[in-house]
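Q: Coordinates only, no sequence provided:
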């Protein structure tokens, strides 16, 4: 097919692909997808989007398909890669003319040229930059703009490459074109200023657009184009010129007013100038040192003196504050503790900062931050009235300080206060001193100032630790503020309860907690919703604090919990419900079982909230967290929640349901605590395990929790569980063990060990396909000690508690390896004795001793050959577990448990879960805890003596080291 006919076919298909009718659209998209790998397809697309006569939507689509093709097929190594001939022709076609009339298409073409440049420039495309520079110099306005737009995207893309070789190439490019880029920027900037003052706004807008693009190019060249920019006069000249240009542009803002067509782009350019400084400071802090003085003078004068009045705007103020903050906080500008270890650059920067931040300057900055920037704005106050929930939970964390005024103000205040606290502490304390006693509710300005000052005291709590007696202030001043009930005073009530929350982890006497709980109880009933939400947040900080005492809180628990529940129902926004749920979770977690009488309403409401939050997965995560703490608080009573709880776990842990992406981690945690607190297995609880095989297949970071869930089922009802799921579990474990770390291997094997502990007969039968690998691991002398220890733990259980199974396993392994059973048994015992030191847990050491002793009495020659080793292991284990009885002064086996006791708990200790009780009862039946090793050794030796006779036994004992025999006799004297 020739080029013209190919062009008409592709054009027709692209036209169909812009259709709104899916019957036309879908086949066209499929056809285009098939053509993506056909030679010549991209050449046709190029002719289509370069033809300005065609429909804009068709050309737009052609550009997009071309752009996507670069990502997939431009690299030489890509499957169906474009031929070098076609690529050469396409590169030439892309830069023949820069006269695209449609802005959006021009931008897309610039981006796709940049994508090709990233892969081919400068080696395969050396002509790109010279052609762009030539076109930028042209007189044609449209061509000049489009070339400049492309120049910017190419520069941006090349600057983003991070390999050392690519960076060197970019640095070569930067040094070659920097002078030209500077003169271009300077020329367009001058043109704009002349045109704007001549009131020619249309021409000025065009020049401003070019100024913006050339400045974007310079930003990338300046920040990423030089290894040591301070050595380059032009770079430092440009950076110094930025301050002059900023002043000119800010003055221009004042002149043109808010309604000018240039206003938006002018502000954008001003912000870009500040970004040049911020980026350069971040990437080249040492090169920035000569600019510190000027930057601070500039930023402080516009933000903290009358110079900024009438010219600044919010985003510019944020940028200036960030500039000051980054200079104040920069680690490169701080001398080392030992001055002699400091770099000269750090000392110089520190000297400049110290000279600038004089006492009067700092005082003025501190005062202005608090009394001007901390004041709640009219917009914020209106938001408080109209949308209290959004006001109360406004996000101020993360990187919000980079873009929003309030967070950036508060972060700057904190950094300056931290670095210059000696100067600023008296300033802040004086402001507090001037606000003693309640403020007149008729004086809104004073109320706002008090709110701002209290905000500052809360933010700087850690810095003010030694200077503020918060307990006294709380009793003498703040309590009084909270009792003023006038609706205008809600500003102060909300701020004071917030302030208390900030000071709780810093300095707040434990004795004052009950007074605070009364205050919280009152404020949870405040008529204002913002005050109630803020009070709930402070409650969380109080309850979550290290010094929280449950007994102090209990008298208020019922009332406060009821009010929290009311608040949860009253709020309507997802974020607020989440915030209140976190408070409720925290309270339940801290008071634990004491919550039981008060959760009825919450238990009834959560299913409704879960249903309502179907579209809000983050709220559902908060509900899951609440349920986790609720189940822990309710213990065995949580079984009453199963009709709601189990479907929630089912949905959250089903990997075939889309919400699992958000809910899985919390869902698994809830599943685990539900099992741990379950009094007995139910068919529904057992059925949940159907979700597990897919989860084990994922082998994600949640694998550990999955194993804990399996263990919980084993403790809860081993026989039901193993009969239903052992087969699929065994398959999953076999798959996992093929490709898992040593640590993961141990986790899998521990599950098998617990199965054998809980149900020695059924466990061995169900996991028999895994046991040969364990046997082989022991015989081969597994190198990783923790894995070897686990192998020996598993084999010890089988040998001691299911000897017939051990015999059949030994027979199977012997026939597989063509060895005699006795010979193989000898190898196992020898390795066991040799690797006993791998076992660190006293329980497993005692188990090893019991297991090896269980082979006695025996007249088998191999076992008699290894008799010395068995005695050695037994004496080692006796040393581990025999302790002196404080009452009788005799030695006793410290692992023995005679009966089940409910432990006496202190207030801070959590009561045992149902699973803890199950483990205790299981331990009573476990030979490790029910058989006296001392007694067992004695009985086994007696039996061996009876079998061999005194003479034969004497010969056997002579094979044991005399020191070992002496130690053994010492242990056995007391039996």
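A: That came through fine. Note that this is a predicted model, so its numbers are computed, not measured.

Q: So which residues make contact with the helix or strand of the chain with the lowest mean pLDDT?
A: Lowest by mean pLDDT, DSSP states H and E among the helices and strands of the chain is strand 891-893, with a mean of 81. Residues from elsewhere that reach strand 891-893, judged by Cβ atoms under 8 Å, 6 or more residues apart in numbering: 881-885, 932-934, 971, 974. C-betas here are computed from N, CA, C, even on glycine.

Q: Can you name the next helix or strand after that strand?
A: As assigned by DSSP states H and E, the chain's next helix or strand after strand 891-893 is helix 914-925.

Q: Buried residues, that next one. List them.
A: Within helix 914-925, the residues scored as buried using 16 or more other Cβ atoms under 10 Å are 914-915, 917-920, 922-923.

Q: related to what we said a few turns ago, list the neighbouring strands of the least confident helix or strand of the chain plus their orientation.
A: Paired strands of strand 891-893, with direction, are strand 882-884 (antiparallel) (DSSP bridges).

Q: as a whole number, average confidence for the strand it pairs with?
A: Averaging pLDDT along strand 882-884 gives 83.

Q: So, low pLDDT: which residues of the stretch 751-900 of the chain?
A: Along the stretch 751-900 of the chain, the model assigns pLDDT under 70 to residues 889, 899-900.

Q: tell me which element residue 53 is part of?
A: Take DSSP H and E as the rule and residue 53 turns out to sit in neither a helix nor a strand.

Q: quick one: it and residue 183, what's the gap?
A: Here the criterion is Cβ to Cβ, to the nearest Å. By it, residue 53 lies 37 Å from residue 183.

Q: of the two, who's got more company?
A: Between residue 53 and residue 183, counted using other Cβ atoms under 10 Å, residue 183 has the larger neighbour count: 11 against 5.

Q: Doesn't the more buried one lie inside a helix?
A: Yes - judged by DSSP: H, G, I helix; E, B strand; the rest coil, residue 183 forms part of a helix.

Q: residues contacting residue 13?
A: Neighbour list for residue 13: 28, 31-32, 35 [criterion: Cβ under 8 Å, 6+ apart].

Q: of the contacts of strand 891-893, buried ones?
A: Buried subset of those (neighbour count, 16+ other Cβ under 10 Å): 881-882, 933-934, 971.

Q: From the residues you listed, pick the one nearest residue 720.
A: Ranked by distance to residue 720 (Cβ to Cβ), those are led by residue 933 at 33.1 Å.

Q: Pretty sure that closest one sits against residue 877.
A: Yes - counting by Cβ atoms under 8 Å, residue 933 touches residue 877, with 6.1 Å between them.

Q: quick one: common contacting residues for those two?
A: Joint contacts of residue 933 and residue 877 (Cβ under 8 Å, 6+ apart) are 846, 849.

Q: Tell me the one among the buried residues of helix 914-925 nearest to residue 63.
A: Nearest member of the buried residues of helix 914-925 to residue 63, counting by Cβ to Cβ, is residue 915, at 62.2 Å.

Q: Which residue, other than its chain neighbours, is closest to that closest one?
A: Leaving out its chain neighbours, the residue that sits closest to residue 915 by Cβ to Cβ, 6 or more residues apart in numbering is residue 676, at 4.2 Å.

Q: Share the number of residues neighbouring the one you found, please.
A: 22.

Q: now swap in the one 5 residues further on and tell me
A: Burial of residue 681, expressed as a neighbour count using other Cβ under 10 Å, amounts to 16.

Q: got the buried residues for stretch 713-733?
A: 713-718, 721-722, 724-726, 729-730, 732-733.

Q: ok, residues contacting it?
A: Stretch 713-733 is contacted by residues 675, 678, 680-681, 685-686, 689, 692-693, 696-697, 710, 748, 751-752, 754-755, 758-759, 762-763, 766-767, 769-770, 915, 918-919, 922 when judged by Cβ under 8 Å, 6+ apart.

Q: For PyMOL, what selects the buried ones among the residues you listed?
A: Restricted to buried positions by 16+ other Cβ under 10 Å, the PyMOL selection for those reads:
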select buried, resi 675+678+681+685+686+689+692+696+710+748+751+752+754+755+758+759+762+763+766+767+770+915+918+919+922
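
Q: could you say what helices and strands the helix or strand harbouring residue 321 packs with?
A: Taking DSSP H and E as the definition, residue 321 sits inside helix 314-329. Here helix 314-329 touches helix 263-283, helix 289-304, helix 405-419, going by 3 or more Cβ pairs under 8 Å, 6 or more residues apart in numbering; DSSP states H and E.

Q: Pull out the buried positions in the second one.
A: Put plainly, it is helix 289-304. Neighbour-count burial for helix 289-304 flags 289, 291-292, 295-296, 298-300, 302-304 (criterion: 16+ other Cβ under 10 Å).

Q: Take those residues and lay them out in a markdown table including pLDDT and distance to residue 135.
A: Shown next, in a markdown table, are those (pLDDT from 0 to 100; distance: Cβ to Cβ, whole Å):
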| residue | pLDDT | distance to residue 135 |
| --- | --- | --- |
| 289 | 95 | 38 |
| 291 | 95 | 33 |
| 292 | 96 | 39 |
| 295 | 96 | 35 |
| 296 | 96 | 41 |
| 298 | 95 | 35 |
| 299 | 96 | 38 |
| 300 | 95 | 42 |
| 302 | 94 | 38 |
| 303 | 94 | 41 |
| 304 | 93 | 45 |
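
Q: between the residues you listed, which is closest to residue 270?
A: Nearest to residue 270 among those, with distances taken as Cβ to Cβ, is residue 302, at 10.7 Å.

Q: low pLDDT regions in the chain?
A: For the chain, the stretches with pLDDT under 70 are 1-4, 395-398, 699, 889, 899-909, 974-975.

Q: So in it, which helix runs the longest?
A: Criterion DSSP state H: the longest helix present in the chain is helix 703-738.

Q: coming back round to it: so which of the buried residues of stretch 713-733 is the closest to residue 323?
A: residue 732 (56.4 Å).

Q: mind checking how far the closest one is from residue 944?
A: Residue 732 is 43 Å from residue 944, by Cβ to Cβ.
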